[in-house]
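Asker: this one's sequence-less:
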Ligand code: SDX
């Protein structure tokens, strides 16, 4: 088979390398096209069919609904692994052995202290501040308290990069718990710093421990949060991960790059959808529960309403994560004895949409955000914190992608454009200068 593609334009013929992925997908390398062809570039609004990089971290097949982290299926990892194991796998490429996992956990625990002055920053936010804006700001503020993590040199030393990575894995859960506790009027406490709590147990204790009370772990919540964080851990070159990579490509430090990724994730078309989904379910409930009315609104081009939590840029089949989360939502509510009408609304919407020609023709299925809020709600997390929980899960994926980009010495990201503005025109001044 030819290892090249040939592009014929206006009588010119340009040979372009044809690359092949591990799964046999073909990719045309166009980096030399402009030079070969005296200026021809390509455009792909929203990068719907354009690879921005080569990566070895996550593979997904949208048509078949396949998702793998470093070759392991999401179904196996979600049912058998711990979130910290999966974090290690994504970041360093292989599953840790017992000693490596213990060292990773202990190094993270050592780093789960945040400068006390960060509390002054949190206190300066109004109570109504959206937690994603608070988290993005606090993550960027970490650079002020960890100046050695922004120097350009450390990125080329794996040891120093490891130290920065465990710092972030240790501090982000504290920032998230403080953001949540500030909303509840709870004192901003630290993690137990005891090594006998796993990463997820520690997060739950930091978030929910009431002042002057012991926190009793609920294994149902530990297991379901562990599963949710694994399911959100990475998803190849989605909007927020691409943001982390392009910001990092300027040799920006890890903390500031992740802060940018948190801001990108906030958007309702991306991670912010999980909050929008619950608000949609509540609106339908308040409006009498007429799910067909909202299916019709979603199909009406004159109506700006979209069925949030449905559709995906890559999955043109059921999002494998949504399948697992839907089952987990049902099990958690049943185990906790919670009868939440919102779950019934979700199931009714899904059932109607999957039978509706509009959704079937466009291959619109539930995505990762459709059922996740039902679980967070059962855990007592408010809807404006759902995307913060998404960010907590996605942290190791962002870190893994940033680390890969830096170790591969990727060039700074700087796309071209199709200019359609004014051509040269003479300036005529009206001022008296
Ligand atoms: C995440 O990329 C990732 O991997 C992201 C993510 C991750 O893990 O990082 O998976 C997480 O962001 C999941 C997606 C969460 N967003 C939502 O649930 C918001 C609702 N969904 C949509 O807005 C939309 O489906 C997107 C943004 C997810 C995808 O948009 P695309 O790929 O740009 O597709 P499109 O908007 O061009 O839609 C194609 C057609 C259009 O209709 P036509 O012009 O062909 O008539 O499908 C329609 C759209 O109007 N459509 C919807 C719809 N989603 C698409 N119509 C109604 N409701 C919807 N939800």
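Answerer: Done, it's in. All figures in this text were calculated on a predicted structure; none of them were measured in a lab.
Asker: Residues in contact with stretch 320-333: which ones?
Answerer: 65-67, 74-75, 78, 220-221, 224, 227-228, 231-232, 338-340, 343, 346, 365-368, 370-372, 374-375, 378 (Cβ atoms under 8 Å, 6 or more residues apart in numbering). C-beta here means a position set from N, CA and C on the backbone, and glycine is covered the same way.
Asker: Looking at the stretch 301-433 of the chain, which residue is nearest the ligand?
Answerer: Taking Cβ to the nearest ligand atom, the ligand has its nearest neighbour within the stretch 301-433 of the chain at residue 311, 2.3 Å off.
Asker: What number of neighbouring residues does that residue come out with?
Answerer: Using other Cβ atoms under 10 Å, residue 311 has 22 neighbouring residues.
Asker: pLDDT score for the closest residue to it other than its chain neighbours?
Answerer: In this structure, residue 311 finds its nearest non-sequential neighbour in residue 364, 4.3 Å apart by Cβ to Cβ, 6 or more residues apart in numbering. Residue 364 carries a pLDDT value of 97.
Asker: right, and residue 364 touches residue 309 too?
Answerer: No: if you go by Cβ atoms under 8 Å, residue 364 and residue 309 don't touch, sitting 10.3 Å apart.
Asker: Compare neighbour counts for those two and give me the winner.
Answerer: When neighbours are counted by other Cβ under 10 Å, residue 309 comes out ahead of the other of residue 364 and residue 309, with 27 against 20.
Asker: Go through the chain and flag its longest helix.
Answerer: Looking across the chain with DSSP state H, the single longest helix is helix 158-184.
Asker: what packs against that one?
Answerer: Packing partners of helix 158-184 (3 or more Cβ pairs under 8 Å, 6 or more residues apart in numbering; DSSP states H and E): helix 98-110, helix 117-124, helix 131-145, helix 199-208, helix 254-265, helix 386-407.
Asker: mind running it again at 6 Å?
Answerer: If contacts are counted by 3 or more Cβ pairs under 6 Å, 6 or more residues apart in numbering; DSSP states H and E, helix 158-184 sits against helix 98-110, helix 131-145, helix 199-208, helix 386-407.
Asker: Quick one: name the residues of the stretch 201-350 of the chain near the ligand.
Answerer: Within the stretch 201-350 of the chain, the positions near the ligand by Cβ under 6 Å from any ligand atom are 235, 238, 269-271, 273, 298, 306-314.
Asker: Give me the distance from the strand ranked longest in the chain to the chain's centre.
Answerer: Secondary structure of the chain per DSSP state E: the longest strand is strand 12-20. Centre-to-centre, strand 12-20 and its host chain are 33 Å apart (Cα atoms, centre = their mean, to the nearest Å).
Asker: who does the following helix or strand past that strand touch, helix- and strand-wise?
Answerer: Elements were assigned by DSSP states H and E; along the chain past strand 12-20, the next helix or strand is strand 26-28. Under the contact criterion of 3+ Cβ pairs under 6 Å, 6+ apart, strand 26-28 touches strand 12-20.
Asker: would you list every one of the helices in the stretch 201-350 of the chain?
Answerer: 219-231, 239-248, 254-265, 273-286, 291-299, 320-336, 341-355 (DSSP state H, counting those that start in this stretch).
Asker: can you tell me which of those comes nearest to residue 27?
Answerer: Comparison of those against residue 27 by Cβ to Cβ identifies helix 239-248 as nearest, at 16.5 Å.
Asker: And the contacts of the closest one?
Answerer: With Cβ atoms under 6 Å, 6 or more residues apart in numbering as the test, helix 239-248 has contacts from 257, 260-261, 264-265, 270, 398, 401-402, 405, 413.
Asker: Need the residues you listed in TSV (columns: neighbour count, distance to residue 387 and pLDDT).
Answerer: Below are the contacts of helix 239-248 laid out as TSV (neighbours: other Cβ atoms under 10 Å; distance: Cβ to Cβ, whole Å; pLDDT from 0 to 100):
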residue	neighbour count	distance to residue 387	pLDDT
257	26	18	96
260	20	15	98
261	31	12	98
264	20	11	98
265	26	6	98
270	18	9	97
398	28	14	98
401	30	19	98
402	27	20	96
405	21	24	95
413	16	24	97
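Asker: And these, which two are furthest apart?
Answerer: Taking Cβ to Cβ, no two of those sit farther apart than 270 and 405, at 19.6 Å.
Asker: So, low pLDDT: which residues of the stretch 301-433 of the chain?
Answerer: Applying pLDDT under 70 to the stretch 301-433 of the chain picks out no residues at all.
Asker: give me that answer again for 80
Answerer: Low-confidence segments of the stretch 301-433 of the chain (pLDDT under 80): 433.
Asker: just the stretch 151-300 of the chain next, same as before
Answerer: 151-156, 190-195.
Asker: Please list all residues in contact with residue 108.
Answerer: When contacts are counted by Cβ under 6 Å, 6+ apart, residue 108 is found next to 166, 169-170.
Asker: what's across from residue 73 in the sheet?
Answerer: Per DSSP bridges, the residues bridged to residue 73 are residue 68.
Asker: Could you tell me how far it is located from residue 320?
Answerer: Distance, residue 73 to residue 320, using Cβ to Cβ, to the nearest Å: 8 Å.
Asker: And the two? Which one has more around it.
Answerer: Using other Cβ under 10 Å, the more surrounded residue of residue 73 and residue 320 is residue 320, with 22 against 13.
Asker: circling back to that earlier point, just confirm the residue nearest to residue 311 contacts residue 308, I think it does.
Answerer: No: assessed by Cβ atoms under 6 Å, residue 364 is found out of contact with residue 308, at 11.6 Å.
Asker: Ranking by neighbours, what's the top pick from the contacts of residue 108?
Answerer: Counting by other Cβ under 10 Å, top hit in the contacts of residue 108: residue 169 with 24 neighbours.
Asker: dump the residue contacts of the closest residue to residue 277 other than its chain neighbours.
Answerer: Excluding the flanking residues, the one nearest residue 277 by Cβ to Cβ, 6+ apart is residue 309, at 3.9 Å. Neighbouring residues of residue 309 by Cβ under 6 Å, 6+ apart: 273, 277, 369-370.
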